[in-house]
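S.K.: below is the sequence, then the predicted model.
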Amino acid sequence: MNNPDNAEERRKHPRFEVNWAITVFTDGGAVEGEAINISLEGLSICCEEPLPLKKMLRVTIAPPHHPIIQISGEVVWSDLYGMDDEKTTIGMGVCFVEISDEDRLAIEKLVSSLDSQ
């Protein structure tokens, strides 16, 4: 993806590609989706429903063979992907805002294991 601001170079922490199930809890109910990459500060997700920008949302992340991780995060960007007659997928960036020490440590271990692959 072309980004004139070159966000990749501005990131403090590297992102790693993943395919993890996520659930986002909104005022309108639960929205299922997928995390497509993760860092120590946030994740990129895809789902079929747009989520509100700049609003705190509760997210559960389900890495394979690992307990559920829960975070509160804020959607900081949103893009439309794969627009066709049958399906529209929304890509969004979620910045971690609130996370328990236990879940932060779990993310650090998971990211570290991805980094060593």
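M.R.: Sure, I can see it.
S.K.: host element of Ile107?
M.R.: Assigned by DSSP states H and E, Ile107 falls within helix 101-115.
S.K.: that helix packs against which elements?
M.R.: The contact analysis (3 or more Cβ pairs under 8 Å, 6 or more residues apart in numbering; DSSP states H and E) places helix 101-115 against strand 16-26, strand 29-38, strand 69-81. Every residue, glycine included, has its C-beta placed from N, CA and C.
S.K.: give the buried residues for it.
M.R.: Across helix 101-115, burial judged by 16 or more other Cβ atoms under 10 Å covers 103, 106-107, 110-111, 114.
S.K.: one more: stretch 20-28?
M.R.: Those would be 20, 22-24, for stretch 20-28 by 16+ other Cβ under 10 Å.
S.K.: now what about stretch 63-81, what contacts it?
M.R.: Residues outside stretch 63-81 that contact it (Cβ atoms under 8 Å, 6 or more residues apart in numbering): 18, 20, 42-43, 46, 50-62, 88-100, 103, 106-107, 110.
S.K.: show me those residues that map onto strands.
M.R.: 18, 20, 42-43, 46, 56-62, 89-99 (DSSP state E).
S.K.: what subset of these is buried?
M.R.: Applying 16+ other Cβ under 10 Å to the ones in strands among the contacts of stretch 63-81, the neighbour count classes 18, 20, 42-43, 46, 57, 59, 61, 89-94, 96, 99 as buried.
S.K.: may I have the beta-bridge partners of the closest residue to Glu32 other than its chain neighbours?
M.R.: Distances taken as Cβ to Cβ, 6 or more residues apart in numbering place Thr23 nearest to Glu32, at 5.7 Å, with adjacent residues excluded. Listed by DSSP bridges, the beta-bridge partners for Thr23 are Glu32, Thr60.
S.K.: I am finished for the moment; much appreciated.
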